[in-house]
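Asker: sequence and computational prediction follow.
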Amino acid sequence: MTPQAITIRGLTKAFGRNAVLRGVDLDLPAGQVTVLMGANGAGKSTLVKVLCGVHAADAGEVRLDGQPFAPAGPAAALRSGVVTVHQNINDGVVPDLDVASNLLLDTLAEGGGLLLNRRRMREDARRIAAAVGLEIDVTRPVAGLALADRQLVSIARAMAHRPRLLILDEPTSSLSLAEAQRLFALIDRLRAEGVAILYISHRMSDIRRLADRIVSMRDGQVSGLFEGPALDYSGAVRAMLGHEITEVDIAIPPPGPAMLEARGLRLKPEARPFDLVLHRNEVVAITGLVGSGKSALAAALFGLEAPVAGEVRLDGQPYRPANPGQAVAAGVFLAAKDRLINAVIPGFDIQQNLTLPFTARHSGPLSLIRRAAERAAAERAIAAMGVVCQGPRDGILTLSGGNQQKVVVGRWMAESSRLLILDEPFQGVDIQARRDIGRRIRASADSRATLVLCAEIDEALEVADRILVMSEHSVVGDHRNEQIDLALLMAQVSGTAEQTKEPA
């Protein structure tokens, strides 16, 4: 019989009158990967925060290797071998410090001397980085690293603790395929060494690769346990949502006139130029690996970076914004990825987060904000996106991750645009929230061109009329979203296909 590293019985936690955990019973066996699935607000994050010492449970019992476990704080959990890699990357790194200091942060926090041996620190940091296959200059500030490298530093820091329980919350959301495969190999090694692993994800590719068992949560309780040789993925989703998830049936409308036309666009000096035409009333998804050029294209169209070469026309007129302000004035909007870094203003309420880019439209004489107009716009956006909240003046951080994402996307859909660019709009949300956001994108698409950037093929298939594939900063595939040759599409994504495009 497999020993239980963690046993949880009757765990409850409430915040005021809001009961978040309602008697959770859960075993996390040593040497197995338990995948935890749950809709936003199901209680996953609160459960993790109880296990890693951020919150104390109100009732119930947790045992680690048979002994009572109730850490007084994250440091106590860490000393006990419960290590967490959070979805918000900046919870696992300190951007103002260099890589070496980040990798040794927990050791430094324990003290042990007045003087630091910098050479010894760098040697120890290189050893930690090498153990997880992270090739990086450990003297570099973390603030200057790409998002994926920050994630790998956070993971490397966690792995250095030789965990008994390792909790990973959506760890591949910012990783390339090669980086994700490196992480999976590490997880395989830890599993073989008898570490219990709790892996929180809704990515079916991750789940199929890693899961020994799947636990579904709904309304603060465990709603399903699935284990055995043939895992019931559909059953796990049903248990998570409380109902069957229906397939998305895309009805492709006739495209309107060309809204944006790019000819000979080159995003990097070494990249092949490409053409891009986006039509009114058309939702186009661009997929590709991390680093394929999707975000670089968004940056060029939104005035964040100038393309190396090429001509862009918007509504038939030359379009080359020098900055995002010019892009917004021309009717080109961008909902950036990584909401906690680039999109959400933590100190603002929901209303302010929703209306922030368009404050001038809600201003009267002397630039004073017309609060009634601002509130009405926020309430319309909340209703349209299905944001679950008490009201528009709630703090943005009181929302679940999925509802925060609805605010980020809804902010840019609340006003009319000519081109709406959504960079990873489904990042970190559950299947139901993904469907809600996708339906809203399509329902509001008739007056603009819509460009959706997404790394997951399933997301592109659920939202787009047409799917483009990017590789090495160029478009290498163009597919109408019906009877798609998925083998060809995947070959184009991985860079193994011939560099030819299907006719749209």
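Answerer: Perfect, thanks for sending it.
Asker: what's the helix or strand encompassing residue 487 in contact with?
Answerer: When elements are assigned from DSSP states H and E, residue 487 belongs to helix 486-494. Applying CB atoms under 8 Å, 6 or more residues apart in numbering, the external contacts of helix 486-494 come out as 177, 287-289, 292, 457, 467, 469, 471, 476-477, 479, 497, 502. For every residue, glycine as well, the C-beta is placed using N, CA and C.
Asker: weed out the non-buried ones from those.
Answerer: For the contacts of helix 486-494, a burial check counting by 16 or more other CB atoms under 10 Å picks out 177, 287-289, 292, 457, 467, 469, 471, 476-477, 479, 497.
Asker: mind putting the contacts of helix 486-494 into a markdown table with distance to residue 68, pLDDT and secondary structure?
Answerer: Formatted as a markdown table, those follow (distance: CB to CB, whole Å; pLDDT from 0 to 100; DSSP: H, G, I helix; E, B strand; the rest coil):
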| residue | distance to residue 68 | pLDDT | secondary structure |
| --- | --- | --- | --- |
| 177 | 42 | 71 | helix |
| 287 | 48 | 91 | strand |
| 288 | 48 | 86 | coil |
| 289 | 45 | 76 | coil |
| 292 | 49 | 86 | coil |
| 457 | 45 | 81 | helix |
| 467 | 52 | 95 | strand |
| 469 | 53 | 94 | strand |
| 471 | 52 | 88 | strand |
| 476 | 56 | 93 | strand |
| 477 | 56 | 94 | strand |
| 479 | 56 | 94 | strand |
| 497 | 56 | 66 | coil |
| 502 | 60 | 42 | coil |
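Asker: residue contacts, residue 122?
Answerer: Here residue 122 is in contact with 100, 138, 139 (CB under 8 Å, 6+ apart).
Asker: how much space between it and residue 490?
Answerer: 41 Å (CB to CB, to the nearest Å).
Asker: again, but for residue 13
Answerer: 42 Å.
Asker: give me the more crowded residue out of those two.
Answerer: When neighbours are counted by other CB atoms under 10 Å, residue 13 comes out ahead of the other of residue 13 and residue 490, with 22 against 14.
Asker: got phi/psi on the more buried one?
Answerer: Taking degrees, to the nearest 10, you get phi -160, psi 130 for the backbone angles of residue 13.
Asker: please name the bridge partners of it.
Answerer: Taking DSSP bridges as the rule, residue 13 bridges to residue 21.
Asker: quick check: it touching residue 55?
Answerer: Yes - here residue 13 reaches residue 55: they are 6.2 Å apart, a contact under CB atoms under 8 Å.
Asker: what touches both of the two?
Answerer: residue 46.
Asker: quick revisit: could you dump the buried ones among the contacts of helix 486-494 to JSON lines with distance to residue 414?
Answerer: Putting those into JSON lines (distance: CB to CB, whole Å) gives the following:
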{"residue": "177", "distance to residue 414": "35"}
{"residue": "287", "distance to residue 414": "26"}
{"residue": "288", "distance to residue 414": "29"}
{"residue": "289", "distance to residue 414": "32"}
{"residue": "292", "distance to residue 414": "30"}
{"residue": "457", "distance to residue 414": "29"}
{"residue": "467", "distance to residue 414": "26"}
{"residue": "469", "distance to residue 414": "31"}
{"residue": "471", "distance to residue 414": "34"}
{"residue": "476", "distance to residue 414": "34"}
{"residue": "477", "distance to residue 414": "33"}
{"residue": "479", "distance to residue 414": "31"}
{"residue": "497", "distance to residue 414": "39"}
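Asker: identify the farthest-apart pair in those residues.
Answerer: Across the buried ones among the contacts of helix 486-494, no pair lies farther apart than 177 and 479, at 19.6 Å, counting by CB to CB.
Asker: show me the shaky parts of the protein.
Answerer: 1-3, 87-92, 108-116, 147-148, 174, 176, 243-248, 338-343, 359-370, 496-504 (pLDDT under 70).
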